[in-house]
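S.K.: coordinates only, sequence not included:
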């Protein structure tokens, strides 16, 4: 969808290129985050895509066509652009702000207004209330949403965002990031997003491009960057807790193990011991007729126990995990209750499997030869 | 906003009452003071119209020249020359109005034309300065957002920069016009007529009533101009930009 | 040019008139500073009072100078001072009030509230805070107001020649009444030069009084300070968090 081919930017007289020979490709419907420390060239690269800055050399292709061949104003009207300071025009109402580009493109007024109302719904703002408001009456979070709505007005295929959530407080930022991902699932735009926050990048990106001093150091999925950073710089940049960061990327449902290792109320202790042996596990969960966990037994306990199993003998289960939880939350829960494993139950309370520290470690292990 | 309007009305009324009372109390001719002033009624009307005509012509011509100059100076291409030009205009602002009118007279003779010319120069300086400053004060982020969205420079000027600078531009126009009304009586001294006739003749003849017959309407006209432009400002400046709404 | 010859020939009387002019303006503005700055500081305490005071001030400003002279004359002739020095100085005093009071008020209220908090948090009393923090920061803006008042008043004092106050305006008025272009031009140019010189001179003083940390090399900011005062700009709302 967007292709950068050997893109370089040099400012006359200064030491080196600000952006040096960037080659990367962003696929349709993907979010690509340009990440890096201040001054690394990520914002310059972003601005070269819509030609707010002209590349010194190299080419940028949008949907296969060289961006140089477009009329620059036409090009920008086809790309949604969101900046950190948001830049809502104070002299216009929210509705007028959103309708700016449609108006420039000659849309019918009624169509534009309907679109504005539609967009406010998509960004979860009540059109009845917000269409007539002025930017000065909006909170930071609301203004940012209107900024996003404005960029989506003409349904552009591509959106460029320059630290769009930087000006919002951390709590609202989380919320609006989640909102944005929800919107993206609905609209499936190709997005290039500049950020200096590794956590934001890991959360939002399909692909991350790490910049340093004008060069593209690594271009890969968040998980790969966290698991296999290409250089010590990147390893340092993503943080020494990168393994923990990776936990955020995996859901409990993808880390289940020993799903069949369970025993029902009324079954015998011998049966339980057999199941344990079959799975090579140390603990087994006791389920009732509805598959809901009633407690658990350890191997040692079962050796001493004979006969029919009831919940009276079982250890109480302190904590459970939900298949939709990310592993970071699950591990946090394990630490809090001192357990090395948790039974996972779905929304109806039915047992679906175990999440254990051992299995998580195994899942996320990176072979030594690939480590930095 | 309502409070402000009330304050303004109250201030005008108070000013008028205050003036009347002060003069009435201190003038020996308290009893027939009002009838004395009233004898100048036709002069007041004639000279007021004469004076406001001059103000209107000079004002409109000033706006027509100053605003485009201010806009032009604020363009990025003019960045280098602008500071010098603005500094010159600033210096020009310091020149006393009487001197301006006198110099106009020395070049153009006496009459309405040099008076209007002098008033025009005096009015256009602050308007140009305010237009320039108002446009420069528009946040860069707005212009960046507008450029990124695909607006041409002309569209940005018309839809983003000017509406957002309008409050300051109007403040400049309002102040400049009020000052011009205050300066207009001086036009009489170079043969331009206006309420200055009543005022200066009153001073020369030691005729207090004549003097007041010129002074009070001038003051009221200045206040009226300020209020009038304020109303236009309220009508034209977007509610989203007005810091007082 | 004949005007230059004229000035040279009459240097003594012109010098005297210039000094008269400067004297009138200085007295008027001087007293205005003495009352205006404290008034500007006092009204920062209550926003409502501030609004009223500033509005009265701007009402005075909209009264044309000639009109104000006109009103002063009957009032002051009761005590036999109807024309000349006193009504002029009083009028100049009144005209200087608004720029000085408004600039003082704007300067103090536009000081970042965070600075006030920091000062209070450090344990400064209000008077200490005013003295050590707020007034030094406010000083350049107040000075800009004084400068504005002086420049306006040089112009008004010229008009005051018509009510017998003396000063360079006399050259202009005589030039007009005697149809003498030399006096006219001499008067006009000299009074303009005086105003411009005062503007630059006080501008220099203003920069001198600006604390080094706040000095900006930009003339445009200087301009903005003055225009901001002219339009009553508010950067920090009074009760921002």
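M.R.: Great, that's in hand. Not measured: the values here are computed from a predicted model.

S.K.: Other residues contacting stretch A:8-15?
M.R.: Identification of contacts with stretch A:8-15 by C-beta atoms under 8 Å, 6 or more residues apart in numbering or on different chains yields A:16-22, A:41, A:44-45, A:48, A:53, A:55-58. No exception for glycine: its C-beta is placed from N, CA and C like everyone else's.

S.K.: element containing residue C:129?
M.R.: Assigned by DSSP states H and E, residue C:129 belongs to helix C:126-129.

S.K.: residues in contact with the residue nearest the centre of chain C?
M.R.: Centroid check for chain C by C-alpha atoms, centre = their mean gives residue C:149 as the closest residue, at 1.2 Å. Applying C-beta under 8 Å, 6+ apart to residue C:149 gives the contacts C:29, C:32, C:95-96, C:99-100.

S.K.: what do you get for residue A:347?
M.R.: With contact set as C-beta under 8 Å, 6+ apart, residue A:347 has these partners: residue A:322.

S.K.: and the gap between it and residue A:253?
M.R.: Distance, residue A:347 to residue A:253, using C-beta to C-beta, to the nearest Å: 12 Å.

S.K.: what about residue 51, which helix or strand?
M.R.: All of this refers to chain A. Using DSSP H and E, residue A:51 falls outside every helix and strand.

S.K.: nope, chain B please
M.R.: helix B:41-74.

S.K.: list the helices and strands that helix packs on?
M.R.: The contact analysis (3 or more C-beta pairs under 8 Å, 6 or more residues apart in numbering or on different chains; DSSP states H and E) places helix B:41-74 against helix B:79-94, helix B:112-136, helix B:162-183, helix B:196-204, helix B:208-236.

S.K.: Where does pLDDT dip in chain C?
M.R.: C:81-82, C:213-241 (pLDDT under 70).

S.K.: Show me how chain B divides into domains.
M.R.: Following automatic domain parsing, one finds the domains of chain B at B:1-38, B:40-236.

S.K.: Point out the most buried one among these.
M.R.: Comparing these by mean neighbour count (mean count of other C-beta atoms under 10 Å in any protein chain shown), domain B:40-236 ranks first with a mean of 20.

S.K.: got the end-to-end distance for that one?
M.R.: Terminal residues of domain B:40-236 lie 38 Å apart, using C-alpha to C-alpha, to the nearest Å.

S.K.: Distance from the chain centre to that domain, please.
M.R.: Offset of domain B:40-236 from its chain centre (C-alpha atoms, centre = their mean, to the nearest Å): 5 Å.

S.K.: Next: stretch C:24-36.
M.R.: Centre to centre, stretch against its chain (C-alpha atoms, centre = their mean), the figure for stretch C:24-36 is 8 Å.

S.K.: residues touching the closest residue to residue B:99 other than its chain neighbours, list them.
M.R.: Among residues not flanking residue B:99 along the chain, residue C:188 sits closest, at 3.9 Å (C-beta to C-beta, 6 or more residues apart in numbering or on different chains). Residues near residue C:188 by C-beta under 8 Å, 6+ apart: B:98-100, B:102-103, B:106, C:172.

S.K.: And the contacts of residue C:149, which is closest to residue A:215?
M.R.: residue C:99 (56.7 Å; C-beta to C-beta).

S.K.: Kindly tell me how buried the closest one is, as a neighbour count.
M.R.: By the measure other C-beta atoms under 10 Å in any protein chain shown, the count of residues near residue C:99 is 28.

S.K.: about what we covered before: report the inter-axis angle for the helix holding residue B:51 versus helix B:79-94.
M.R.: Relative orientation of helix B:41-74 versus helix B:79-94 (axes from the mean of the first three to the mean of the last three C-alpha atoms, to 10 degrees): 160 degrees.

S.K.: Alongside chain B, which residues does the stretch 101-250 of chain A contribute?
M.R.: Residues of the stretch 101-250 of chain A lying near chain B by C-beta under 8 Å from any C-beta of the partner chain: A:101, A:104, A:134-136, A:150, A:160.

S.K.: which residues touch residue B:196?
M.R.: Residue B:196 neighbours (C-beta under 8 Å, 6+ apart): B:47, B:51, B:184-189, B:214, C:66.

S.K.: So which of the residues you listed is the closest to chain A?
M.R.: Nearest to chain A among those: residue B:184, at 33.7 Å, using C-beta to the nearest C-beta.

S.K.: On the pLDDT front, check the nearest residue to the closest one once chain neighbours are set aside for me.
M.R.: Once flanking residues are discounted, residue B:184 sits nearest to residue B:51: 4.9 Å by C-beta to C-beta, 6+ apart. pLDDT, residue B:51: 93.

S.K.: Next, the contact list for residue B:51, please.
M.R.: Residue B:51 touches B:181, B:184-185, B:187, B:193-196, B:218, B:221, counting by C-beta under 8 Å, 6+ apart.
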